[in-house]
Every structure is written in C-alpha cells, then in structure tokens.
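> What follows is a protein structure lacking sequence information:
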C-alpha cells in the first residue's frame, strides 16, 4: 500500500495542519509516513502546500511526482497541482472552483457551503475535506485515528475547538452519502 497526497490552498486555510493530521493518523495505523510542508514565503492568503506519503513499505522520497490524491482548496491550487495527479488518482475540490479536464477523477462538493452553513465555521474547511478523504480511504484510514490526531493537535486550544473540528470531520465523512 502506498498513498501519495498533495494538499494545497491558500495560507490560512489550514492546509499544513490537515497534512499533519493525515500524517499523524496514518502513523497510528503503523504505516510509514513522510510529511513535507512548503512554508516558503507563504502567509495568510498566499499559496501553501504539503506532500504526505503513506506506505506500508519504505519511502524513498517525500517529494511527490505522481499523486494519488490532490486536495485543492483553491483554484490556483487546482491549476498548479492537478497535472501532478495520476490518471487513476482523485482530486477533491470545492464545487466553486473552476476545474479543467484532467484524467483523474474530480470530486467537486460544496465543502465551503457545508463548512459555513452546517458546521458553522469556514476555518474548519480543512478538517471537513479531510473527513471526506477519510471516507474515500476507509479501507486503511480509520476515522477514529483522525479524531485522535485532532484531539492531540488541538489539546491546548480547548474543547470548543476540538468539538468544532470533530463536527467538521464527521460531516465531511458523510458528505458523499
């Protein structure tokens, strides 16, 4: 098993946090993981991305040349990274993002609308889409591992932040059904 995921969007959307949570949850499965964030000159509103490679074997490079999954939270992120997704891969993107024809399967859902209207906070957009990713990969990624990673990462931020993110994770997990 080997899964290569690129997460991308604007700085401030929680891209790096989502990648970290995916890496930590995957480690709970006993898998080997690399997490390669791109900090660069990004700040709120600039571009941000990270590469997460998950494998039951050795990982020879944290850099992804052919992604299995792209999580793109913005149009520029889709434009920049969709060419790196394998034809057999999947792209998760908000339905408001203009997508072009790509060989990969594009799953465009109303992530932003759900985060705002159902979960009540756009700041958990990253957790919401991570929930959908988990549902797509339920064969090896248990939702409870992401829940544990969320509780660990946000422990210092309090129960309110943890519960809001758990709500977003749950809603993202059921968004495909």
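Alright, I've got the coordinates. Fair warning: this is a prediction, and the values are worked out from it, not measured in the lab.

> now the helix or strand hosting residue 108: how far from the chain's centre is it?
Taking DSSP states H and E as the definition, residue 108 sits inside strand 105-109. Mean-position distance between strand 105-109 and its chain equals 14 Å (Cα atoms, centre = their mean, to the nearest Å).

> Would you mark the buried spots in it?
106, 107, 108, 109 (16 or more other Cβ atoms under 10 Å). Every residue, glycine included, has its C-beta placed from N, CA and C.

> longest helix in the protein, by residue count?
helix 159-174 (DSSP state H).

> That one vs strand 105-109, what angle?
If you take axes from the mean of the first three to the mean of the last three Cα atoms, to 10 degrees, helix 159-174 sits at 130 degrees to strand 105-109.

> can you give me how far helix 159-174 is from the chain middle?
For helix 159-174, the gap between its own C-alpha mean and the chain's C-alpha mean amounts to 14 Å (Cα atoms, centre = their mean).

> Residue 150 is in contact with residue 162, correct?
Yes - Residue 162 sits in contact with residue 150 when judged by Cβ atoms under 8 Å, with a separation of 6.4 Å.

> Pairing partners for residue 92 in the sheet, please.
The residues listed as beta-bridge partners of residue 92 by DSSP bridges are residue 71, residue 107.

> follow-up on the earlier one: which other helices and strands contact the strand holding residue 108?
Packed against strand 105-109, as judged by 3 or more Cβ pairs under 8 Å, 6 or more residues apart in numbering; DSSP states H and E, are the following elements: strand 85-94, helix 125-136.

> list the contacts for the residue nearest the centre of the chain?
The residue lying closest to the centre of the chain (Cα atoms, centre = their mean) is residue 130, at 4.5 Å. The neighbourhood of residue 130, defined by Cβ atoms under 8 Å, 6 or more residues apart in numbering, consists of 18, 21, 22, 71, 146, 169, 172.

> Helix or strand: which one has the third one?
Meaning residue 22. When elements are assigned from DSSP H and E, residue 22 belongs to helix 15-28.

> contacting residues around that helix?
Judged by Cβ under 8 Å, 6+ apart, the contacts made with helix 15-28 from elsewhere in the structure are 5, 7-9, 33-35, 37, 39, 48-52, 54, 71, 73, 126-127, 129-130, 133-134, 141-142, 145-146, 148-150, 152-153.
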